[in-house]
Every structure is written in structure tokens, then in C-alpha cells.
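Student: predicted coordinates and the sequence they were generated for:
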Amino acid sequence: MVTRALTLAVLALSIAIATPARAQQHAGHQHRKPAASLAISAGFAPTGDLWIVGLDAQRKLFIQTSADAGLSWSPQRHIATGDDTPAAEGEARPKLAFGPDGCVVITYTQPLSKPYTGLIRMLRSTDGGRTFSAPFTVHRDRQVITHRFDAVAFDARGTLHTLWVDKRDLTALRARGKSDYRGAAIYRNESSDGGKTFGRDLKLADHSCECCRIALAPSPDGGLVALWRHVFAPNERDHAFAPVGSASSRGPARATYDHWAIDACPHHGPGLAAAQGGGYHAVWFGERDGVAGVRYGRLFPDGTPRGEPVRLPDEAAEHADVQSIGRKVVIAWRSFDGQATRWRVWVSHDDGRSFTLRDLGRTTEDNDHPRLARRGQDIFALWRTTEGVRVERVAP
């Protein structure tokens with residue numbers, strides 16, 4: 001049973017997240033905090049090659065590719081970032097996205113002089129990643145405030161969407177002597193030319209949580225949808241859902257109802273994937289009826305819950321990712337048992353009605369959050385540890 005100790009632990013984590021430590025308390029159990037250099041993002045290029053992007057031990061941005069789905073890797077190739085020192089720890093890490101006509105973009109947060117502030121930066125390639133531009137700032141707002149935890153993807157029409165957590169509205173209200181703004185906001189912009197130019201900064205929602213990743217998934221109309229941790233009044237850290245690019249007068253839909261009341265950011269964002277029969281598969285961390293854990297649930301096409309969620313079959317599960325192709329659904333996570341970290345997946349071949357648990361690996365060394373990537377009809381799980389990047393084909 002989770003008690004007040006959980007709340008205190010998460011509060012401590014929200015304060016200490018920027019301080020390197022070998023192990024920290026989170027979600028009521030101990031786990032290793034991954035070294036900053038281990039945080040990566042991954043994806044398959046249109047060529048079929050698997051790419052990862054991250055930072056090396058000297059905090060230099062690199063990409064690495066594999067033509068055989070992780071059996072062997074090219075040498076790390078450094079991408080110039082000028083005077084930037086990209087953030088790459090926890091849920092703030094470089095991202096990559098592949099667009100049409102050889103377009104590839106990499107994004108990251110460049111920390112600024114004040115704590116928890118930054119700019120969302122992008123590098124752009126028009127030749128399939130052979131060369132990249134110098135880094136540039138994606139958004140028009142250049143205040144020394146929070147622009148962090150970016151998410152980036154191309155939709156089916158080839159439009160590039162960038163989203164991030166933003167505190168310009170909180171900053172403006174505080175300047176006027178007001179302090180009743182909950183959390184931060186989700187802002188976004190669009191580019192119709194692969195990142196060469198961008199439209200104006202647009203607010204998707206007020207009152208997001210401050211330090212959790214944003215999940216994106218394709219929508220049936222060719223666009224994208226987003227899921228993020230939200231601060232519902234008065235202070236419940238559940239999740240909200242909205243179409244990206246939609247101007248809805250009713251605002252985002254409430255996707256989860258854990259009713260977790262905590263005055264801190266859990267640093268633990270959700271995962272989202274489209275479901276074959278309509279709607280979405282979602283995974284998230286929260287406390288529900290006094291029990292903390294990662295849960296899986298289905299969402300209707302409008303983002304509202306479809307049925308009751310289920311807890312993953314691992315009390316120590318954390319930082320889960322979800323991916324789907326047709327009726328295949330895969331959920332990947334890690335869990336620390338006090339001695340070693342396990343890499344686990346839950347695999348369904350019937351659209352999430354039933355699952356099979358698999359253990360993929362374990363380590364006593366530092367390690368990153370597991371990732372999932374899809375290629376054709378296959379789903380692959382990736383896990384970076386100090387020993388290297390492991391890749392497993394988990395849903396053939």
C-alpha cells in the first residue's frame with residue numbers, strides 16, 4: 001500500500017531531478033537514475049535502417065544506425081550543435097523524426113541560465129541524414145523560461161509538428177501579481193516545408209504538468225493526437241488528450257481518472273498508440289485508490305476512457321512505452337528489484353484483450369528507459385545500458 005511516503009518521495013524527486021545520483025526514490029521503490037549520456041530516442045528510417053540519437057560521454061550529440069535491426073551498429077557519428085549543450089536525461093532527451101523526400105529532423109532542449117529553462121532547438125536534413133543544418137530555435141518566444149520536453153513528428157500529409165511544455169502564460173500572470181495558474185501549458189507549431197519555416201506558436205492547452213514527456217500518435221484523418229500529464233483542478237495529476245492542430249472550443253478531453261492529488265511533477269509521462277478498431281492504447285503512471293503503478297487502458301477516438309484500466313503485472317514498473325500494429329500491441333518497461341533492473345514487455349496479439357509477459361534482459365549497471373519502434377508489421381524493443389544498445393524483435 002502506498003502511503004504518505006510516496007508523496008514525499010515524489011516531491012523530493014521533483015526537486016532533485018536535475019542532480020545526478022546513482023539511485024533515487026521514485027514511485028515507492030528504489031531504482032537507478034540513468035546516466036545523462038544513456039538517454040536516447042529511436043526510430044526506423046524510410047530505408048528500413050534503425051536510428052538512435054543521444055549524447056556520448058562528452059555530451060556531444062550523435063546518431064548511430066543499424067541496417068540489421070540492431071545486430072550491428074555503425075560507429076557513432078557526431079552532429080555539430082555549435083555552442084549548445086543539449087539536455088539528455090530522464091524524459092528530456094533528443095528526438096528524431098523522418099519526413100518525406102529525405103527530410104530528417106532532430107530536436108533537443110538547450111538549457112538556459114536559469115533552472116528549468118530552455119529553448120527547443122532543431123537540426124534539419126534534406127538528404128536523408130547525410131548532412132544537417134546548424135541548430136535553430138523552433139518557437140518564436142525567446143524568453144528565459146521553460147520551453148522543454150519537446151515532442152516532434154510528421155503527420156501523414158508531411159506536415160511537421162513540434163510540441164513542448166511552456167511557461168509563458170504563468171510568467172505573464174506572475175508579472176501582473178497573480179499566482180493562481182496551475183502548472184504550465186502545451187504549446188506547438190507547424191511547418192509545411194520540413195522545418196525550413198514555421199507558423200506561429202499556438203497554445204494547445206493550459207495547465208499541463210511541468211516536467212513530463214508528451215506522447216504523440218497518428219489519427220485516422222492523417223493528423224496527430226497528443227497525450228500528456230495534466231493538472232486538473234484543484235490539483236489532480238491525471239492525463240489530457242487532444243488532436244494536434246484542432247481548434248476545439250471544449251478544450252482537451254480527460255483521458256485518465258486516477259485522481260492523484262500531489263503538489264509536484266512525477267517526471268513520468270505517458271505513452272500512446274493507435275488501436276486497430278479505432279481509439280488508442282495508452283500507458284501511464286499514477287496513484288489510483290492509494291495504489292501507485294503503471295496502468296494500461298483503452299481510449300475512445302475522442303480521448304475519453306474506454307473501460308477500466310489495468311495495472312501492469314509488475315509493481316515496480318516504470319517509464320513504460322506502447323506501440324501497436326494492427327491487432328499487435330506491445331508495452332515495454334523497466335523495473336528495479338533492489339539489486340538489478342529488468343527489461344520487460346507485455347505482448348498482445350488480440351488488440352489488447354490479453355497479454356503475455358516476457359523478460360528480455362537485466363542489468364546491474366546504469367540504464368535508460370526502454371523504447372519501442374515499429375517497422376512494417378514488426379515491433380522492436382530497445383534498451384540502452386552501459387553495455388550498449390540491446391534490440392529485440394518482440395511482435396513479429
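Tutor: Great, that's in hand.

Student: going forward, measure contacts and count neighbours with C-alpha atoms only.
Tutor: Will do.

Student: where do the strands sit along the stretch 151-300 of the chain?
Tutor: Secondary structure of the stretch 151-300 of the chain by DSSP state E, counting those that start in this stretch: the strands cover 160-166, 184-191, 202-208, 215-218, 224-232, 236-244, 253-254, 271-274, 280-288, 291-299.

Student: the ones you listed into JSON lines, with extra columns for mean pLDDT, mean neighbour count and distance to residue 126?
Tutor: Formatted as JSON lines, the entries for those read as follows, by pLDDT from 0 to 100; neighbours: other C-alpha atoms under 10 Å; distance: least, C-alpha to C-alpha, whole Å:
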{"stretch": "strand 160-166", "mean pLDDT": "98", "mean neighbour count": "26", "distance to residue 126": "13"}
{"stretch": "strand 184-191", "mean pLDDT": "97", "mean neighbour count": "23", "distance to residue 126": "14"}
{"stretch": "strand 202-208", "mean pLDDT": "96", "mean neighbour count": "21", "distance to residue 126": "26"}
{"stretch": "strand 215-218", "mean pLDDT": "98", "mean neighbour count": "23", "distance to residue 126": "23"}
{"stretch": "strand 224-232", "mean pLDDT": "97", "mean neighbour count": "26", "distance to residue 126": "22"}
{"stretch": "strand 236-244", "mean pLDDT": "97", "mean neighbour count": "24", "distance to residue 126": "24"}
{"stretch": "strand 253-254", "mean pLDDT": "98", "mean neighbour count": "18", "distance to residue 126": "36"}
{"stretch": "strand 271-274", "mean pLDDT": "98", "mean neighbour count": "25", "distance to residue 126": "28"}
{"stretch": "strand 280-288", "mean pLDDT": "97", "mean neighbour count": "25", "distance to residue 126": "32"}
{"stretch": "strand 291-299", "mean pLDDT": "97", "mean neighbour count": "22", "distance to residue 126": "36"}
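
Student: which residue ranges of the chain form helices?
Tutor: In chain order, the chain shows helices spanning 4-16, 168-175, with DSSP state H as the criterion.

Student: lowest confidence element among the helices and strands of this protein?
Tutor: The weakest-scoring helix or strand in the chain, judged by mean pLDDT, DSSP states H and E, is strand 23-26 (a mean of 34).

Student: which residues does the nearest residue to residue 309 once chain neighbours are set aside form beta bridges with?
Tutor: By the measure of C-alpha to C-alpha, 6 or more residues apart in numbering, the closest residue to residue 309 outside its immediate chain neighbours is residue 297, 4.3 Å from it. The residues paired with residue 297 through beta bridges, assigned by DSSP bridges, are residue 282.

Student: picking that back up, what's the least confident stretch among the helices of the chain?
Tutor: Between these, the one with the least mean pLDDT is helix 4-16; it has a mean of 37.

Student: show me the contacts for the residue nearest to residue 309.
Tutor: Contacts here follow C-alpha atoms under 8 Å, 6 or more residues apart in numbering; on that basis residue 297 touches 281, 282, 283, 305, 306, 307, 308, 309, 310.

Student: and it, how far from residue 354?
Tutor: As for residue 297, its distance to residue 354 is 12 Å (criterion: C-alpha to C-alpha, to the nearest Å).

Student: wait, what's in contact with the closest residue in space to residue 268 that isn't next to it in sequence?
Tutor: Computed as C-alpha to C-alpha, 6+ apart, the closest residue to residue 268 that is not its neighbour in sequence is residue 212, at 5.4 Å. If you count contacts by C-alpha under 8 Å, 6+ apart, residue 212 has them with 91, 149, 228, 229, 265, 266, 267, 268, 269.
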